[in-house]
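Enquirer: Need coordinates for the below:
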Amino acid sequence: MHRTRSSTDVALRSHCGGIKAVGTGATSKPELHAYSAQSTGLLINFTMSSSSGTRFLECSSWQKLSVVLFMIAALNPAPALSSSFTPSNNRNPACPTAFWNFGNSLSDTGGTINVFPWFLDPERSPYGESFFGRPAKRFCNGRVVPDFFSLAFRYPLLQPYLQSGAFDYNYGANFASAGTTASNDTSRNPIFLKFQVTEYVRLKQSAISQKNQFLCQPFNKFLPLDDSYDEGLYSFEIGGNDVLNAILIKNQTAVQVLTQVIPEAMKNILDSIKILTSNGAKKFLFFNNPNAGCSPVAITLLGSIPGVQKDAMGCIVVINQLDQAYNKALNDTIAAARLLYPARTFSIFNYYAANLEILTNPSLYGFNPALTKRACCGAPGFGTLNFNPLLTCGNAGSNKCANPDEYVNWDGVHFTEAVYRQIARWALGGKFTDYPVNYTSLCNLDFGNFAKSSTYNSVYPLSCRVTFT
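Expert: Predicted structure coming up:
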């Protein structure tokens, strides 16, 4: 069954003075104007023009207001994406109907800044400029992997669970938060993996409860659709901070990472799988750790320390070795999960190998070989890679390159949109993946909106969907 909300195509435009909804159905063309809202008296005047004439509705309480909103929803039950951007008509049962993402800053779409909004770099330009035209709560110059997944399936952009203001969870939610870990490390952010999974459970419970309450019906259209839980794709991009936090912030040894941090992370991952499968999850996609030893932050902060070994590419060996150890443990953990839940699908995208492919063959993917380990946005002063921990991207005195798509690294820590674009293509196509699922062919995916020239406004013109960033 195709997840269609209505046979009526509705275009919605928001104005400062109200909301005008114009139906384009074949049988009738209701026109609804919301003219005024007096918050003090809760008096909402609606003028409804139709073939039957004009009627006025007054609501003196929230209960009456809910009834009015429900009537509005009945008149216009399909405030959907513009006709130029509607969800793919794919009903192969392998195709996810929603995305539920757990992770850190590589896939965060606003979870961190909605909670800690006053000091983080992505609140400032030039973050977000490549697609959104402004800072968009992402640690990137544009889109991250969950954004590209949504674009490929022609879904609204995945919203953070910790969302300020309006929300739309029809096609899932993003629980990722920057600085978080798979282990119980709260040194940079308390919303570690099991916390994120608990948020998912709470969201599901609340959504089901609200759908069972009549007065909540006007708002049901923004809650997860019924098949979102069982048929959604559960993606995990987490673990890099388990290594980096331990070495760069907590001053732990490599032995401690191997014997304490990684085992705790694996226990939490397996526990998370158990919780999610008990809530109906069937499709899992894990991203292992990329080789963070090749990032400007690792090379700049550790490369000058006597005795720290570098490889032939100039990457920090110990960081990459710990990432590889984490990835080996993840493989073993997911192998155990496959035995526990043989009816579920567990795939692992090899982020490490994919990133290594880009670093060793950059020109094949449009990157400049001379810039693979240099930050596009940053400042000089520490080393030669344009990363300065005291003057990071977006702060006064920092600089930005003119051609971000030629760079692998954006701000010394995170990748550019160009890298995430390539990673998303590979992951959706089953490349670099253990137990791959080729969603590209199974779901007839469209990558037209992956283009560098795409903008938020061009992809979502006059959209009724809540896709706030």
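
Enquirer: Which residue ranges of this structure form strands?
Expert: For the chain, the strands defined by DSSP state E occupy 10-15, 18-23, 31-38, 43-50, 53-57, 99-103, 172-174, 233-237, 283-287, 345-349, 377-378, 399-400, 433-434.

Enquirer: all helices of this structure, in order?
Expert: 62-75, 145-153, 193-211, 217-220, 228-231, 240-244, 254-256, 262-278, 296-302, 317-340, 351-360, 417-429, 439-442, 456-459 (DSSP state H).

Enquirer: got the ones you listed as CSV, with mean pLDDT and distance to residue 115 columns?
Expert: Where C-beta positions appear, they are placed from N, C-alpha and C, glycine not excepted. Shown next, in CSV, are these (pLDDT from 0 to 100; distance: least, C-beta to C-beta, whole Å):
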stretch, mean pLDDT, distance to residue 115
helix 62-75, 39, 28
helix 145-153, 97, 18
helix 193-211, 90, 11
helix 217-220, 69, 23
helix 228-231, 95, 24
helix 240-244, 97, 16
helix 254-256, 98, 29
helix 262-278, 98, 20
helix 296-302, 98, 23
helix 317-340, 98, 26
helix 351-360, 98, 26
helix 417-429, 98, 23
helix 439-442, 96, 31
helix 456-459, 90, 23
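
Enquirer: Can you check which of those gets nearest to residue 126?
Expert: Nearest to residue 126 among the helices of the chain is helix 417-429; the distance by C-beta to C-beta comes to 11.8 Å.

Enquirer: check contacts around the residue nearest the centre of the chain.
Expert: The centroid of the chain falls nearest to residue 146 when counting by C-alpha atoms, centre = their mean (4.0 Å). Applying C-beta atoms under 8 Å, 6 or more residues apart in numbering to residue 146 gives the contacts 99, 101, 107, 109, 157, 158, 174, 176, 235.

Enquirer: ok now do the third one, which residues does it touch?
Expert: Translated: residue 107. Contacts of residue 107 (C-beta under 8 Å, 6+ apart): 101, 144, 145, 146, 174, 176, 235, 237.

Enquirer: ok, of the residues you listed, which come out buried?
Expert: Those of the contacts of residue 107 that meet the buried threshold are 101, 144, 145, 146, 174, 176, 235, 237, by 16 or more other C-beta atoms under 10 Å.

Enquirer: so what pLDDT did the last one get?
Expert: Translated: residue 237. Note for residue 237: predicted pLDDT of 98.

Enquirer: Now residue 109. Nearest residue, chain neighbours left out?
Expert: Distance criterion C-beta to C-beta, 6 or more residues apart in numbering; nearest residue to residue 109, sequence neighbours excluded, is residue 174 at 4.9 Å.

Enquirer: That neighbour and residue 116, how far apart?
Expert: 16 Å (C-beta to C-beta, to the nearest Å).

Enquirer: about what we covered before: reformat the helices of the chain as CSV; add distance to residue 404.
Expert: Shown next, in CSV, are the helices of the chain (distance: least, C-beta to C-beta, whole Å):
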stretch, distance to residue 404
helix 62-75, 42
helix 145-153, 16
helix 193-211, 29
helix 217-220, 39
helix 228-231, 34
helix 240-244, 21
helix 254-256, 33
helix 262-278, 32
helix 296-302, 14
helix 317-340, 24
helix 351-360, 15
helix 417-429, 7
helix 439-442, 25
helix 456-459, 16
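
Enquirer: Looking at these, spot the one closest to residue 396.
Expert: Closest approach to residue 396 among the helices of the chain (C-beta to C-beta): helix 296-302, 20.1 Å.

Enquirer: what's that closest one in contact with?
Expert: 244, 247-248, 292-293, 308, 310, 314-316, 318-319, 373-375, 378, 382-383, 385-387, 389, 409, 412-413.

Enquirer: Among the residues you listed, name the buried ones.
Expert: Listed as buried from the contacts of helix 296-302 are 244, 247-248, 292-293, 315-316, 318-319, 373-375, 378, 382, 385-387, 409, 412-413; burial here means 16+ other C-beta under 10 Å.

Enquirer: Stretch 155-175: which residues count as buried?
Expert: Under 16+ other C-beta under 10 Å, the buried positions of stretch 155-175 are 155-163, 167-175.

Enquirer: Please apply the same query to stretch 278-296.
Expert: 279, 281-296.

Enquirer: Off-centre distance for it?
Expert: Put simply, stretch 278-296 sits 13 Å off its chain's centre (C-alpha atoms, centre = their mean, to the nearest Å).

Enquirer: For that stretch, output the C-alpha coordinates as CSV.
Expert: C-alpha atoms of stretch 278-296 as CSV (Å, rounded to 0.1, in the frame of the first residue of the first chain):
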residue,chain,number,x,y,z
SER,A,278,11.1,-5.4,21.0
ASN,A,279,9.5,-2.3,19.6
GLY,A,280,9.2,-3.8,16.1
ALA,A,281,12.4,-2.7,14.4
LYS,A,282,13.4,-5.0,11.5
LYS,A,283,15.9,-3.2,9.3
PHE,A,284,19.2,-2.0,10.7
LEU,A,285,22.1,-0.2,9.1
PHE,A,286,25.3,0.5,11.1
PHE,A,287,28.1,2.8,10.0
ASN,A,288,31.4,1.9,11.5
ASN,A,289,34.1,4.5,12.4
PRO,A,290,35.9,6.3,9.6
ASN,A,291,39.7,6.7,10.0
ALA,A,292,39.7,9.7,12.3
GLY,A,293,43.5,9.5,12.5
CYS,A,294,43.5,11.2,9.1
SER,A,295,41.4,14.2,10.2
PRO,A,296,43.0,17.6,10.7
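
Enquirer: List the contacts of the closest residue in space to residue 424 that isn't next to it in sequence.
Expert: Excluding its sequence neighbours, the residue lying closest to residue 424 (C-beta to C-beta, 6+ apart) is residue 148, at 3.5 Å. By C-beta under 8 Å, 6+ apart, the contact list for residue 148 reads 420, 421, 424, 425, 450.
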